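Asks: Model the following, please.
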Amino acid sequence: MLSCGPDQMVPVPGFDPEVRERLGYFQLEFGNTMVIDVIDSFITDTDHRLSGLRQLIENSDFKNLVREAHALRGSYGNMGAIKMSNLCLSLEDHGRAGSYEVAGIVEELKQTFLQLRPALELHKLSLIESEISSSQVEES
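Replies: From the prediction side, this is the model:
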């Protein structure tokens, strides 16, 4: 189990240190419930937006692909998912050039997310456990 204190979080394979650190800051500032919500939103949003990127590529809609990649780059950077943010920068550049290499970049983005997702889910579960433990202690 991951420890719940941000300064006590142990490394987990696939869990980017930048993301772990950013979640620790969120946790200190806003508490476990907020971090759980952030993780849920990140996972749901990423699933949806990756599908959208694939659709834009299929439609050769490079203008909207660049716009979406730019928005994702900011979101992933804010989350601390630096590798994903950098891939979006590459996606923007290749999209502006109208390069069909964008499909490979989106696939790499998907694979990076698939590596990160289980660690995010595990961290979320540890936070839920912490919330349950805290509420049980308060009831005692």
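Asks: What residues of the longest helix anywhere in the chain count as buried?
Replies: Taking DSSP state H as the criterion, the chain has its longest helix at helix 102-139. Residues of helix 102-139 classed as buried: 102, 105-106, 109-110, 112-113, 116-117, 119-120, 123-124, 126-127, 130 (neighbour count, 16 or more other C-beta atoms under 10 Å). (Each C-beta comes from the backbone N, C-alpha and C, glycine too.)
Asks: In this protein, what residue spans correspond to helices?
Replies: With DSSP H, the ranges of helices along the chain come out as 17-30, 32-58, 62-79, 82-96, 102-139.
Asks: What mean pLDDT does the first one get?
Replies: Mean pLDDT, taken over the full extent of helix 17-30, equals 84.
Asks: Just the CA coordinates for that helix, please, in CSV.
Replies: C-alpha atoms of helix 17-30 as CSV (Å, rounded to 0.1, in the frame of the first residue of the first chain):
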residue,chain,number,x,y,z
PRO,A,17,7.9,11.1,-9.7
GLU,A,18,6.6,14.5,-11.0
VAL,A,19,3.0,13.3,-10.8
ARG,A,20,3.5,11.8,-7.3
GLU,A,21,5.0,15.0,-6.1
ARG,A,22,2.2,17.1,-7.6
LEU,A,23,-0.4,14.9,-6.0
GLY,A,24,1.4,15.3,-2.7
TYR,A,25,1.1,19.1,-3.0
PHE,A,26,-2.6,18.8,-3.9
GLN,A,27,-3.1,16.5,-0.9
LEU,A,28,-1.4,18.9,1.5
GLU,A,29,-3.4,21.9,0.1
PHE,A,30,-6.8,20.3,-0.4
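Asks: buried stuff in it?
Replies: Quick answer for helix 17-30 (16+ other C-beta under 10 Å): 18, 19, 20, 22, 23, 24, 26, 27.
Asks: Kindly report the same for the second one.
Replies: Along helix 32-58, these residues count as buried under the neighbour rule (16+ other C-beta under 10 Å): 32, 35-36, 38-39, 42-43, 46, 49-50, 53, 56-57.
Asks: show me what contacts the spatially most central residue of the chain?
Replies: Taking C-alpha atoms, centre = their mean, the centroid of the chain lies closest to residue 42, which sits 5.0 Å from it. Neighbour list for residue 42: 79, 120 [criterion: C-beta atoms under 8 Å, 6 or more residues apart in numbering].
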